[in-house]
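In: Dropping a prediction and its sequence here:
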Amino acid sequence: MEKTILLVEDEREIQQAIQNFLLREKYTVIVANNGLEAMDQFSQHKIDLILLDMMMPLMSGYEFLKAIKK
């Protein structure tokens, strides 16, 4: 069964590099550009792993983690 990874990264070049690697390894990758988008994606999909940038605009990675722990 294919695993789904939520990739939360606001820098496009880093995001693209990580996404390309994960896709080559046959993971399903859902991308979010900030914590608010990540919250939306997290609520819509079954996520097996989150790769999370901690320093982002709108909602930091720390705030995102606090929100999903509730």
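Out: Happy to help now that I have it. Quick caveat, the model's predicted, so the values are computed rather than measured. Numbers count the residues shown, from 1 in each chain.

In: CA atoms for contacts and neighbours, from now on please.
Out: OK.

In: ok, then the element right after the helix ranked longest in the chain?
Out: Secondary structure assigned by DSSP state H gives helix 12-24 as the longest helix of the chain. As assigned by DSSP states H and E, the chain's next helix or strand after helix 12-24 is strand 28-32.

In: now the very next helix or strand once past that next one against strand 28-32, angle please.
Out: Scanning forward in sequence from strand 28-32 by DSSP H and E, the next helix or strand is helix 35-44. Helix 35-44 and strand 28-32 are oriented at 140 degrees to each other (axes from the mean of the first three to the mean of the last three C-alpha atoms, to 10 degrees).

In: Show me what whichever helix or strand comes after helix 35-44 is packed against.
Out: Following helix 35-44 in sequence order, the next helix or strand is strand 49-52 (DSSP H and E). On a contact count with 3 or more C-alpha pairs under 8 Å, 6 or more residues apart in numbering; DSSP states H and E, strand 49-52 meets strand 4-8.

In: starting at the chain centroid, how far to the strand it packs on?
Out: 4 Å (C-alpha atoms, centre = their mean, to the nearest Å).

In: re the thing from before, just list what the longest helix of the chain packs against, helices and strands only.
Out: strand 4-8, strand 28-32.

In: Pull the number of nearby residues for A38.
Out: For A38, the neighbour count with other C-alpha atoms under 10 Å is 23.
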